[in-house]
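S.K.: coordinates for the following, if possible.
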Amino acid sequence: MYSGNRSGSQGYWDGGGAAGAEGPAPAGTLSPAPLFSPGTYERLALLLGSIGLLGVGNNLLVLVLYYKFQRLRTPTHLLLVNISLSNLLVSLFGVTFTFVSCLRNGWVWDTVGCVWDGFSGSLFEKSSSHKCIYDVF
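M.R.: Sure thing, here's the model as predicted:
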């Protein structure tokens with residue numbers, strides 16, 4: 001049985017040897033090798049970090065402007081504020097897990113982290129799209 005993660009560290013198979021040192025892995029098991037090269041993970045981390053920072057900054061700007069200027073408090077702008085709030089939550093919660101994983105060259109969270117990442121992304125993205133759909137009707 002394989003013991004280790006897919007973050008590029010050396011894992012071990014039961015029996016004491018390093019993964020791959022005793023020949024091919026048993027059928028149906030994961031490869032301990034990372035999915036991408038370290039340079040690709042660095043580029044992905046840079047891209048995700050940029051998207052996250054831009055998303056947080058721009059959506060915070062929309063929320064601050066809506067709060068600060070009374071004339072922006074119209075039903076149309078309220079729709080934009082709702083979408084902006086949802087996108088802010090996606091930028092904070094959805095990008096963070098993947099960004100940290102890219103910095104560490106693979107998924108580093110356990111099962112609960114994986115479930116939370118999927119749940120939070122789906123929840124905030126769906127709430128944003130449902131607001132758009134319901135407000136049209």
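S.K.: drop to CA atoms for contacts and neighbour counts, all remaining ones
M.R.: Fine.
S.K.: kindly export stretch 65-75 (C-alpha atoms) in CSV.
M.R.: Extracted C-alpha coordinates of stretch 65-75, given in CSV (Å, rounded to 0.1, in the frame of the first residue of the first chain):
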residue,chain,number,x,y,z
LEU,A,65,-18.3,52.3,-4.0
TYR,A,66,-21.9,51.1,-3.5
TYR,A,67,-21.7,51.7,0.2
LYS,A,68,-20.1,55.2,-0.2
PHE,A,69,-22.2,56.8,-2.9
GLN,A,70,-25.9,57.1,-2.3
ARG,A,71,-26.8,57.5,-6.0
LEU,A,72,-25.5,54.0,-6.8
ARG,A,73,-28.2,52.4,-4.6
THR,A,74,-30.6,51.4,-7.3
PRO,A,75,-32.1,48.0,-8.1
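S.K.: tell me which stretches of the chain form strands.
M.R.: In the chain, the segments counted as strands under DSSP state E are 2-3, 12-13.
S.K.: ranges for the helices of the protein?
M.R.: With helices called from DSSP state H, the chain shows them at 38-68, 75-89, 95-103, 111-136.
S.K.: which of the ones you listed has the highest mean neighbour count?
M.R.: The highest mean neighbour count among these, using mean count of other Cα atoms under 10 Å, belongs to helix 95-103: a mean of 19.
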